[in-house]
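Colleague: Fold the stuff below for me.
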Amino acid sequence: MGIAILVLMAVGVVLMLTRVLPTAFALVLLALGIAVLAGAPLTGAKDSILTGVLQTGSATLASTMIAVLLGSWLGTLMDETGIAGTLVRKIVEFGGERPSVVALGVFAVSILCGSITGSAPAAMLAGVVGIPAMIAVGVSPVAAGGTVLMGISAGSPLELAVWQFLSDALGAPVSDVKSIMIKLFPMALVVGIAYVLIQTRRGARHTWAVKLDRPKARVRRGDAPWYALLSPLVPIVLALEFAVPIVPSLLAGVVYALVTTTEWGELSGRGLRSLYKAFDVAAPPIALFVAIGMLLAAVKLPGAKGALTPIVAAISPSGVVWFVVVFAALVPLCLFRGPLNVFGLGAGVAGVLVTGGIYPLPAVVGLMASYNQVFSVSDPTSTQTVWASQYAGVRPERAMVSTLPYTWLVGLGGMVLTAVLYL
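Modeller: Below is the predicted model:
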């Protein structure tokens, strides 16, 4: 049975890679297939297909979905009120004609945007103004798009929605996830800065030689007040320094952004309008999280757990050195929606590692967080990579080639840290 489940997972990977089915649809079908192979009854007990997989599984990541919606709401407000645009413009004005300074400034803004909301919305917040500005001062298009992506990746360890996802998906306390992610942040930050400094010098062009045929930026809004620019820091400070739960922290950021940028009589109108827009932004990841919840429920069924655990235990590396060597070598499997992408089939793999007791729970969290640092930047099928690359005028595959050596290094560092601390 275990071999049959693994074959079914391989078929699911092929369906996702070839884009025969969207990832969410493929994961739902995979969850149902695993449940059937595991011998789960159709109805009745909590471990049935209808109750355990579809009903309970679909709501497994409910807290994550709310966190994603609130992060999207704050991101929408940062766009609508001009907070994100003001941050980028101030950085560009400060940097003048110095490519490295402008790129480092956009990188910093990208970190803030990536800590609030992920995927394409974060890239748009920082990149709509930042990418044309970098190209205008001589940064190559590949490096301009890559700078935004590396900033988003550096902000990912601070993204509260990612904390909630790893907590819900793997059953880890938020405090444990927080501890791991805070240790990942300095590595992502240092490597990101190195990328910016190296790539802006390597591909720099004189500004008089640059053809400004990039897509037009949005119509400029007025600058937001200086105190409103603190909005993306509010939820981070509350969660890190005061241990405020994730959802209230994000909600406080939304309220702060509204109050500091909006006249009293327009609060309700802008609040509702931006919330409705946030639903559009959050809908794709929420649909994916519903499917991931079903997949996690399926691999935790007694029949699936009993069948998969011996196989996975037999092929999983043991010891600190082999853990790092093997999983670092498997980094490419988190790209192209591969089997180690935690926002896809990788969640099921992580579920097996946890439920089978193959590695300590913090080690699995650290492993998946390390893979996420690679996927969030270098996967040419991820929405943020596609948007940033195309907006800069290059193919996503070129962005992958440019960023992968750096993100692989971050992933390797995360795995070494995980192995030393938790194995």
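Colleague: so where's the stretch 151-300 of the chain uncertain?
Modeller: Within the stretch 151-300 of the chain, the segments meeting pLDDT under 70 span 202-222.
Colleague: What residues of the lengthiest helix in the chain count as buried?
Modeller: In the chain, assigned by DSSP state H, the helix with the most residues is helix 267-299. Within helix 267-299, the residues scored as buried using 16 or more other C-beta atoms under 10 Å are 270-271, 274-275, 277-278, 281-282, 284-299. C-beta: built from backbone N, CA, C; applies to glycine.
Colleague: again with stretch 316-330
Modeller: Buried residues in stretch 316-330, counted by 16+ other C-beta under 10 Å: Ser316, Pro317, Phe323, Val324, Phe327, Ala328.
Colleague: Could you do stretch 86-93 as well?
Modeller: For stretch 86-93, by 16+ other C-beta under 10 Å, it's Thr86, Leu87, Val88, Arg89, Ile91, Val92.
Colleague: centre of the chain versus the longest helix of the chain, how much separation?
Modeller: Using C-alpha atoms, centre = their mean, to the nearest Å, the mean C-alpha position of helix 267-299 is found 14 Å from that of the whole chain.
Colleague: before we move on, what about stretch 319-330?
Modeller: Centre-to-centre, stretch 319-330 and its host chain are 23 Å apart (C-alpha atoms, centre = their mean).
Colleague: Can you name the residues in contact with that stretch?
Modeller: With contact meaning C-beta atoms under 8 Å, 6 or more residues apart in numbering, stretch 319-330 is reached by 317, 340, 359, 363, 367, 370, 408, 411-412, 415-416, 418-420, 423.
Colleague: what's the answer for stretch 124-133, then?
Modeller: Residues outside stretch 124-133 that contact it (C-beta under 8 Å, 6+ apart) are 75, 78-79, 84-85, 88-89, 91-92, 102, 106, 109-110, 113-114, 117, 144-145, 147-148, 151-152, 212, 214-215, 217-218, 387-388, 391-392.
Colleague: Name only those of those that count as buried.
Modeller: Buried members of the contacts of stretch 124-133, counted by 16+ other C-beta under 10 Å: 75, 78-79, 84-85, 88-89, 91-92, 102, 106, 109-110, 113-114, 117, 144-145, 147-148, 151-152, 214, 217, 387-388, 391-392.
Colleague: all strands in the stretch 251-400 of the chain, in order from the N-terminus.
Modeller: Read by DSSP state E, counting those that start in this stretch, the stretch 251-400 of the chain holds no strands at all.
Colleague: what ranges do the helices span in it?
Modeller: 267-299, 302-315, 320-329, 345-355, 361-378, 383-392, 396-422 (DSSP state H, counting those that start in this stretch).
Colleague: Please identify which of the ones you listed is closest to Val254.
Modeller: In terms of C-beta to C-beta, the element of the helices of the stretch 251-400 of the chain nearest to Val254 is helix 267-299, at 8.1 Å.
Colleague: mind listing what's buried in stretch 346-362?
Modeller: 346-356, 358-359, 361-362.
Colleague: quick check, nearest of the residues you listed to Glu266?
Modeller: Nearest to Glu266 among the buried residues of stretch 346-362, counting by C-beta to C-beta, is Ala347 at 40.8 Å.
Colleague: wait, what's in contact with the closest one?
Modeller: For Ala347, the contact set (C-beta under 8 Å, 6+ apart) comprises Ala169, Ile292, Leu295, Leu296.
Colleague: ok, back up a step: including pLDDT, could the buried residues of stretch 316-330 go into JSON lines?
Modeller: Shown next, in JSON lines, are the buried residues of stretch 316-330 (pLDDT from 0 to 100):
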{"residue": "Ser316", "pLDDT": "85"}
{"residue": "Pro317", "pLDDT": "87"}
{"residue": "Phe323", "pLDDT": "93"}
{"residue": "Val324", "pLDDT": "94"}
{"residue": "Phe327", "pLDDT": "94"}
{"residue": "Ala328", "pLDDT": "94"}
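Colleague: rewinding a little: packing partners for the longest helix of the chain?
Modeller: helix 23-37, helix 57-58, helix 62-80, helix 119-136, helix 160-170, helix 246-261, helix 302-315, helix 345-355 (3 or more C-beta pairs under 8 Å, 6 or more residues apart in numbering; DSSP states H and E).
Colleague: Please tell me how far Arg100 sits from Ser268.
Modeller: No, residue 100 isn't Arg; it's Ser. Going from Ser100 to Ser268 by C-beta to C-beta, to the nearest Å gives 44 Å.
Colleague: hmm, back to that, what is the orientation angle of the longest helix of the chain with helix 345-355?
Modeller: Angle, helix 267-299 to helix 345-355, by axes from the mean of the first three to the mean of the last three C-alpha atoms, to 10 degrees: 60 degrees.
Colleague: just to revisit the earlier point, a markdown table for the contacts of Ala347, including distance to Val196?
Modeller: Below are the contacts of Ala347 laid out as a markdown table (distance: C-beta to C-beta, whole Å):
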| residue | distance to Val196 |
| --- | --- |
| Ala169 | 32 |
| Ile292 | 33 |
| Leu295 | 37 |
| Leu296 | 37 |
